[in-house]
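> Build the 3D model from these lines:
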Amino acid sequence: MWEHQEIQGQIHIINGKKAPDLIITNAEYLHAIYKTWMTGNIWIAGDRIVYAGKEMPPMTEGAEIVDAAGKKIVSGYIEPHVHPFQLYNPVTFAEYAGRLGTTTFISDNLVLFMSLDHATSFSMLDQFNELPFSFYWWARFDSQTVLQNEKELFNPTAVKQWIDRPEVLIGGELTGWPRLMAGDPNMFASVQATKVAGKKIEGHFPGASERTLTRMRLLGADGDHEAMTVEEVESRLLHGFGVTLRHSSIRPDLPHLLKAIVDKELNVFDHLMMTTDGATPSFYRDGVMDKCIHVALEAGVSPIDAYQMASYNVARYHDMTDLHGMIATGRYATLNFLEDEYNPVPTDVLSKGKWLKRDGQSTAPFPTIDWSVVDKFAPAFDLEEADFTFNDSLGLEMVNDVITKPYKVTIDTSVEKLADDHDESFLMLVDRQGKWRVNTLLKGFSTSVQGFASSYSNTGDIILIGNDKKEMLNAFNEIKRIGGGMVLFEEGSIVATAPLSIGGGVSAEPVETVIQQELALKKALKERGYRHGDAVYTFLFLQSTHLPYIRVTQMGLFDVMKNEIIIPVTER
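Numbers count the residues shown, from 1 in each chain. Predicted coordinates for the structure are as follows:
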């Protein structure tokens, strides 16, 4: 917020004692409350709008003056449900998104919560707050997998430390909602602390019945982003949920949802938001929230409703219209300049008073962040021949990108290399510290991937997949050598690689570079029999117990529906 001296300076501008830093003249801008285009002048001091209306400031000497004639101006776009560690990191993704008009993130804290102590995490948040971008966060209540130290890590006291941070707006998302519904005291305490703090609870309720939605609303859930049909949208709205429509790399639901809403003439756009839900890098080749707005326009949503769904509606839901989502006195000076209302890609972007884009060209890069506080990926152990033993008769079969079911293993797993006339592969989850491993078979991943290794996973543990034990070992040794990442090995050589130098989980490279690495890796996997949509999400969700039916976790093979360990880990 602004200090007393800053506010006095802003009032001096109104009183004609000093000039603004920036004056935007002939501005045709979207007023969020009137839901109409207004014409006037916008005065800006530092990162704040001090006036928006018909008048010009009494003093203009020394001010930057921008004539916006011929442009339409809208508030910076808000992404309300960001997973900012999907190979990219929060800063590189924010810089990329900002140039496309998305200037505010409300982000998942899971990686920070699980990998850093709170003091270090909060120092990172302080660094993010200094950037010409608006970062807000969630506070997770569970790991969405089975951890060996789950209860110690996700205790109400630790969660409340996050809830008490001013930039934390949400509790959740509630991937572990069955535990809440079953009366888990820790999760209930965290929900209650969030509600007492006046913050929202975000659900995760794919396919939920009306009965489940009702119970979760009574338990404190405020919103949900998992509607996959228009009927599910209507059911959530009926019970007063904040509804965020999803358009992501594994669930591109937005086009058909919006078309159905338009066709049914539902007058509900003031109560809808949109998200890309942590899509993998290549999904963003053609935009971030500007991409969602474009989809809305193509579906027949009016331009004003489309822009409000990506700005004002989000700000109003989170009770922060005093700062975001409006072009009006006292708000952040965060503006997108458009050629016209049917093209949501801005020609110019102003974020918290700083130009991120001028006349179609990016301005100075974001300041760097100190990532040295994240432990380097440097496993202090080697894998041995005995580690590549696969004796269990139960394996995982891929139903789609992210859902796996159990299957009975019938092939000979004692061989060094499996045949490539079937789609079964060796699968290992290895403790990052080398203390344990889980060995099984994965059916439906590929026919001819020889060796693949990834330090990118839900928990930061190591995933190895392949039909050749030697090449799996080669891939493991390579990710050790490069300090983390994803590597595909074949016939003793690297086929594709995506280095992830920040803790072995995310890249320090620009998003554009990460996109090209991801595309090359996915292409190579597809050529070797991977037939699903998004391999990166396959690796991320192999451990995720919020999805059916069987998962490989730090405790062993886990049956989600029975909530029990089927095969325990093997100690090393």
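> Find the residue at the geometric middle of this structure.
Note on the chain: the residue nearest the mean C-alpha position is His83, at 1.7 Å, using CA atoms, centre = their mean.
> Now it: closest residue in space, sequence neighbours ignored.
Sequence neighbours aside, Gly278 is the residue nearest to His83 in space, at 2.6 Å (criterion: CB to CB, 6 or more residues apart in numbering). No exception for glycine: its C-beta is placed from N, CA and C like everyone else's.
> What is the least confident helix or strand in the chain?
For the chain, the helix or strand with the lowest mean confidence is helix 150-153, at a mean of 91 (criterion: mean pLDDT, DSSP states H and E).
> what's it in contact with?
When contacts are taken as CB atoms under 8 Å, 6 or more residues apart in numbering, the neighbours of helix 150-153 outside the stretch itself are 113-114, 142-143, 147, 186.
> Report the two of those separated the most.
The distance between the two most remote of those (CB to CB) is 16.1 Å, for Met114 and Asn186.
> My understanding was that Met124 contacts Ile502; is that so?
No: counting by CB atoms under 8 Å, Met124 stays clear of Ile502, with 11.4 Å between them.
> the more surrounded of those two?
Taking other CB atoms under 10 Å, Met124 and Ile502 do not tie; Ile502 has more neighbours (24 against 20).
> Next, find the distance separating Asp222 from Ile170.
9 Å (CB to CB, to the nearest Å).
> For the two, list the residues in contact with both.
By CB under 8 Å, 6+ apart, Asp222 and Ile170 have these common neighbours: 200-202.
> From the residues you listed, pick the one nearest Leu519.
Distance to Leu519 across those (CB to CB) is lowest for Glu202, with 30.6 Å.
> which residues does the closest one form a beta bridge with?
Per DSSP bridges, residues listed as beta-bridge partners of Glu202: Gly172, Gly223.
> Show me which of Asp222 and Ile170 is the more surrounded one.
Ile170 (25 against 21).
> How many residues are close by the closest residue to that one other than its chain neighbours?
In this structure, Ile170 finds its nearest non-sequential neighbour in Trp138, 4.2 Å apart by CB to CB, 6+ apart. Applying other CB under 10 Å, we find 27 other residues in the vicinity of Trp138.
> With Glu6 instead?
When neighbours are defined as other CB under 10 Å, Glu6 has 14 of them.
> distance of Tyr136 from Ser107?
For Tyr136, the distance to Ser107 equals 7 Å [CB to CB].
> quick one: which of these two has more around it?
A count of neighbours by other CB under 10 Å puts Ser107 above the other of Tyr136 and Ser107, at 28 against 23.
> My read is that the more buried one contacts Pro90, right?
Yes: at 6.5 Å, Ser107 and Pro90 qualify as touching, with contact defined as CB under 8 Å.
> Now list whatever residues contact both of these two.
Common contacts of Ser107 and Pro90, defined by CB under 8 Å, 6+ apart, comprise 84, 135.
> chain center to the longest helix anywhere in the chain: distance?
Looking only at the chain and at elements set by DSSP state H, the helix with the highest residue count is helix 511-527. For helix 511-527, the separation from the chain centroid amounts to 19 Å (computed by CA atoms, centre = their mean, to the nearest Å).
> then the next helix or strand after it to CSV, C-alphas only?
Next along the chain after helix 511-527, taking DSSP states H and E as the criterion, comes helix 535-541. The C-alpha trace of helix 535-541 is given here as CSV (Å, rounded to 0.1, in the frame of the first residue of the first chain):
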residue,chain,number,x,y,z
ALA,A,535,3.5,-35.9,-21.2
VAL,A,536,4.6,-33.3,-18.7
TYR,A,537,1.4,-33.7,-16.8
THR,A,538,1.9,-37.4,-16.8
PHE,A,539,5.1,-37.0,-14.9
LEU,A,540,3.6,-34.5,-12.5
PHE,A,541,0.5,-36.5,-11.7
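> who's in contact with the helix or strand just after helix 535-541?
Tracing the chain past helix 535-541, the next element assigned as helix or strand by DSSP H and E is strand 550-553. Counting by CB under 8 Å, 6+ apart, strand 550-553 makes contact with 145-147, 396, 404-406, 427, 429, 438, 440, 542-545, 557-560, 566, all of which sit outside it.
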